[in-house]
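Trainee: Any chance you could fold what I've pasted below:
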Amino acid sequence: MEQHPEPKPHQNTVSTYLKILVEKGYLSTEKEGRIFKYNILVPFEEYRNFLLKEILLNFFNNSGKEILQSLIHEKLIPQEDLEGFNFTVEKLSARSKEPQFEYVNEILNPKKDKKKDKNKKKKKKKD
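Mentor: Model (predicted):
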C-alpha cells in the first residue's frame, strides 16, 4: 500500500485482488502473526512471454509486423534503438511447436472440476 501512487485503493480492494491471485495460483500465502506474506509462484519470464503472446493474438492479429509498427509509431521504441538490429527472417520448420507456458496454462486451465469442489463443500456443511 505504501508503494501505490495516489489515490491509493482501499485496503479491502487490495486484499480482494490478492485473494483472487492466490485462488488462481499466481501467488501463495503464508501467515506470519496477524499478517499474510505473499510469494510469487509464476516465473516472471514465463508470465511476460505469455502476456506478450496474448497481446499479439488479441490486439495485433498475431502479426509481429503490426506490433512492431505500433511500437515504433507510438515512439515506444526509439528509431536509434533499431539502428543496431539486422532484421532477418528465419524460416521455422514445420515441426516447430507453440511455446508452452507450463505454470500459466496450469493456472488458467485447472484440471480439477470446480463444480465437484462446490458439491464437496456443500456436503461437508450438511454433515
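Trainee: alpha carbons only for contacts and neighbour counts from here, please
Mentor: Noted.
Trainee: all helices in this structure, in order from the N-terminus.
Mentor: 11-24, 44-59, 64-73, 79-82, 102-108, 114-126 (DSSP state H).
Trainee: weakest of these by average pLDDT?
Mentor: Of all the helices of the chain, mean pLDDT reaches its minimum on helix 114-126 (a mean of 57).
Trainee: End to end on stretch 57-76, go ahead and measure it.
Mentor: 19 Å (CA to CA, to the nearest Å).
Trainee: separation between Asp81 and Lys75?
Mentor: Taking CA to CA, one finds Asp81 at 11 Å from Lys75.
Trainee: To clarify, my last question referred to Met1.
Mentor: Counting by CA to CA - Met1 and Lys75 are separated by 32 Å.
Trainee: I figured Ile72 hits Glu80, correct?
Mentor: No. Counting by CA atoms under 8 Å, Ile72 stays clear of Glu80, with 10.7 Å between them.
Trainee: Between these two, tell me which one has more neighbours.
Mentor: Each of Ile72 and Glu80 has its neighbours counted (other CA atoms under 10 Å); Ile72 has more, 14 against 8.
Trainee: Not counting its neighbours along the chain, what's nearest the more buried one?
Mentor: Counting by CA to CA, 6 or more residues apart in numbering, Pro78 is the residue found nearest to Ile72 once chain neighbours are left out, at 6.7 Å.
Trainee: Could you do Asn62 as well?
Mentor: Asn62 sits nearest to Leu56 (CA to CA, 6+ apart), 4.9 Å away.
Trainee: residue contacts, the one you found?
Mentor: Residues near Leu56 by CA atoms under 8 Å, 6 or more residues apart in numbering: Asn62, Ser63, Gly64, Ile67.
Trainee: can you rerun that using 10 Å?
Mentor: Residues in contact with Leu56 (CA atoms under 10 Å, 6 or more residues apart in numbering) are Phe50, Asn62, Ser63, Gly64, Glu66, Ile67.
Trainee: Identify the bridge partners of Lys31.
Mentor: Phe36 (DSSP bridges).
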